[in-house]
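*Asks:* here is a sequence together with a model predicted from it:
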Amino acid sequence: MSKEKNEEKGISVFFSSIGHFITKNWRFILAFFLTFVVATAIVWYDANTTETLASFAIEEYEVGQVADKTIYATKSLPEDMQYPVAIEKGEKVIRKGFPITEEEYFKLQKMADSPLYVDYRAFCDKVLYLILVAVLWIVLFNPVLLRRKVEVKEVILECVLFVLVFFATSFGMKNAIFQNPFTLPIIIPSVFYALLVAIIFGQTSALFFSFLLSLGVLGASSFQIVPALYTLALCVSAARIVMKIERRIDMVFASIMQAVLSIVFIIFFKVMFNSDFNDAVFVFPALAFNSFLSGILVLGFLTPLESIMNTASVFRLMDLSDQNAPVLRKLLLTASGTHQHCMMVAQLAENACKEIGANALLARVGAYYHDIGKMEHPEYFTENNIDTANKHTDLNPSLSVSVIKSHIKLGVEKAHQLRLPQQIIDIIAEHHGNSVISYFYMKAKEKDENVSPEDYSYPGNPPASKESAVVMLADVCEAACKSLEKPTAQRLEKFIQELINAKIESGQLDNSALTFGELTKIRDTFVRILAAYYHGRIKYQNQRDPDATGDTENGDKSFTSEKDKSLSSEVRGK
């Protein structure tokens, strides 16, 4: 009895898990399902309009050829204007071992052109192939391989682009001009789509999508290897080239480079597959024009797509990094200390991300905006209290903590109002994780030993990306090192390592995918920059303490010459 109950419980848990998975990922499932349905419809139409019969192409037969099999008519076909000959159901159209006559070939042609005859085997083969591609798609586009959360809008856009490429390839094969495997890529807009994905969603997504596009071209072109390999090579090169651009004008140079590479690749494949160059006058310029035009069109489509999808593309991040942006100008005017802190954190985070191969631009822009929540109450943060008393002196620790914690919530709300990309919002929300605000926690503990650390912890989640984790480490190191006496390189290295170890021990870096090797590179980068920032300066001759009393007009001999007075002005200016 207990065994049956365990089996029922196991079945219940299994179906419950499936239900939970479907509920959580129904948008992704719907996107993949609709893509599969549309692609299957294209395959069905292609099978209905392709001149094939009995799962073999009509091109395999010719008049006088000895038939290698017997083909029966499975349906009756009446006479018509194009084919004035009737075919009866069950009739032997051709017989194995006998030469094919003109009349028999005419009947074969009639059967091939008839929509009643569908190549079901070819149709089923392509449907199974699409299922395999869908499974591979799900495997590739997961948070483990991408090292980030997969967004629904990304999957939807890539599904649409895949269907368009599949459609263009399938129907391009029906045109006599593009039936050649070396001319077919002319009408496939693969470079355009690869560039869009690379700029909007990053290089990793573009590389995976390039592989899927090439598989789509392979299936749609009746498994011709040349168009698939050409598509893969061109898309991978596009994804790689576009990661070096920083300005919109760079897209023009990237387009020219892609045009040159398209010619190089097609020459390589022609040589590799022993093809002639008789069509080079038509193929080479056409492929180059396809690649060049793709890069130019990306500039036109990118702006509306960036706005609709609200993604952290390189151009969008460059726009957000403008220091004249209204929110950054307001931060400078209302919380100058916080603004200076953000600039320093951005420098640390950007250089550290370059060392570990993360998105340095995303980290820099995320650092610019990570403390915008402090604009509401700048006076409660010490970096803005240069000449005024500390606001927290007379406040209860619990009240102080509530004010400090609020800058996370206020920053996220402000980011949503500004329609910042989700990656930037994540950095704002995660740059403190759920760590304890130790200063006020220790003050509260002095009054009450039973105080809960959760009440004195930030409300966010630990960083879920490398960029967010680097900004967290840059934030804490920049702030803490200001309090370090005699900040030599050796003392900075030891102190920063202690800060990083504290974040590791508290579990703040568990979800960031940072390795210990990368943490070492981050630490060394921070030490190098901060050591340069805190380096000592030579003391000038006759330099005096600005707090010291003295009267140069009444017997003070410190500045007796015009040269000394000039030096005095220079020191004060600095």
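*Replies:* That came through, no problem.
*Asks:* CA only for contacts and neighbour counts going forward, please
*Replies:* Fine.
*Asks:* so which residues of the stretch 51-200 of the chain form strands?
*Replies:* 52-53, 56-57, 71-72, 92-94 (DSSP state E, counting those that start in this stretch).
*Asks:* now stretch 368-385: buried residues?
*Replies:* 368-375, 378-381, 383-385 (16 or more other C-alpha atoms under 10 Å).
*Asks:* from those residues, pick the one nearest residue 250.
*Replies:* Distance to residue 250 across the buried residues of stretch 368-385 (C-alpha to C-alpha) is lowest for residue 368, with 24.6 Å.
*Asks:* how much space is there between that closest one and residue 268?
*Replies:* 46 Å (C-alpha to C-alpha, to the nearest Å).
*Asks:* name the spans of this structure whose pLDDT lies under the cut-off.
*Replies:* Scanning the chain for pLDDT under 70 picks out 1-10, 13-15, 21, 47-59, 81, 113-120, 386-391, 394, 535-574.
*Asks:* ok, the buried residues of stretch 368-385 vs residue 493, which is closest?
*Replies:* Looking across those and measuring by C-alpha to C-alpha, the closest to residue 493 is residue 383, at 23.0 Å.
*Asks:* what about the closest one, which SS state?
*Replies:* Taking DSSP: H, G, I helix; E, B strand; the rest coil as the rule, one finds residue 383 in the helix state.
*Asks:* wait, it sits on residue 338?
*Replies:* Yes - between residue 383 and residue 338 there is a contact under C-alpha atoms under 8 Å: 6.1 Å.
*Asks:* mind checking how far residue 316 is from residue 365?
*Replies:* In terms of C-alpha to C-alpha, residue 316 sits 10 Å off from residue 365.
*Asks:* so which of these two has more stuff around it?
*Replies:* Neighbour comparison, residue 316 and residue 365: the larger count goes to residue 365, with 24 against 19 (by other C-alpha atoms under 10 Å).
*Asks:* surely that one meets residue 317?
*Replies:* Yes - contact criterion C-alpha under 8 Å: residue 365 and residue 317 qualify, at 6.6 Å.
*Asks:* and for residue 90, the neighbour number?
*Replies:* If you count neighbours by other C-alpha under 10 Å, residue 90 ends up with 12.
*Asks:* that one and residue 71 touch, don't they?
*Replies:* No - using C-alpha under 8 Å, residue 90 is not in contact with residue 71, being 9.4 Å away.
*Asks:* roughly how far apart are residue 324 and residue 334?
*Replies:* 15 Å.
*Asks:* same question, residue 492
*Replies:* Using C-alpha to C-alpha, we find residue 492 at a distance of 31 Å from residue 334.
*Asks:* of those two, who's got more company?
*Replies:* Shown here are residue 492 and residue 334; by other C-alpha under 10 Å, residue 492 has more neighbours (24 against 18).
*Asks:* quick one: contacts of the helix or strand where the more buried one lies?
*Replies:* Residue 492 belongs to helix 489-505 when assigned by DSSP states H and E. With contacts defined as C-alpha atoms under 8 Å, 6 or more residues apart in numbering, helix 489-505 is touched by 473, 476-477, 481, 509-510, 523-524, 526-528, 530-531.
*Asks:* one more pass at 7 Å, please.
*Replies:* The contact list for helix 489-505 (C-alpha atoms under 7 Å, 6 or more residues apart in numbering) reads 473, 477, 509, 523, 527, 531.
*Asks:* nearest to residue 462, of those?
*Replies:* Out of these, the member with the shortest distance to residue 462 (by C-alpha to C-alpha) is residue 509, at 6.6 Å.
*Asks:* for that closest one, what are its contacts?
*Replies:* Contacts for residue 509 (C-alpha under 7 Å, 6+ apart) come out as 462, 463, 469, 503.
*Asks:* any chance of the residues you listed in JSON lines, plus secondary structure, distance to residue 19 and neighbour count?
*Replies:* Formatted as JSON lines, the contacts of residue 509 follow (DSSP: H, G, I helix; E, B strand; the rest coil; distance: C-alpha to C-alpha, whole Å; neighbours: other C-alpha atoms under 10 Å):
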{"residue": "462", "secondary structure": "coil", "distance to residue 19": "28", "neighbour count": "24"}
{"residue": "463", "secondary structure": "coil", "distance to residue 19": "29", "neighbour count": "27"}
{"residue": "469", "secondary structure": "helix", "distance to residue 19": "33", "neighbour count": "28"}
{"residue": "503", "secondary structure": "helix", "distance to residue 19": "37", "neighbour count": "20"}
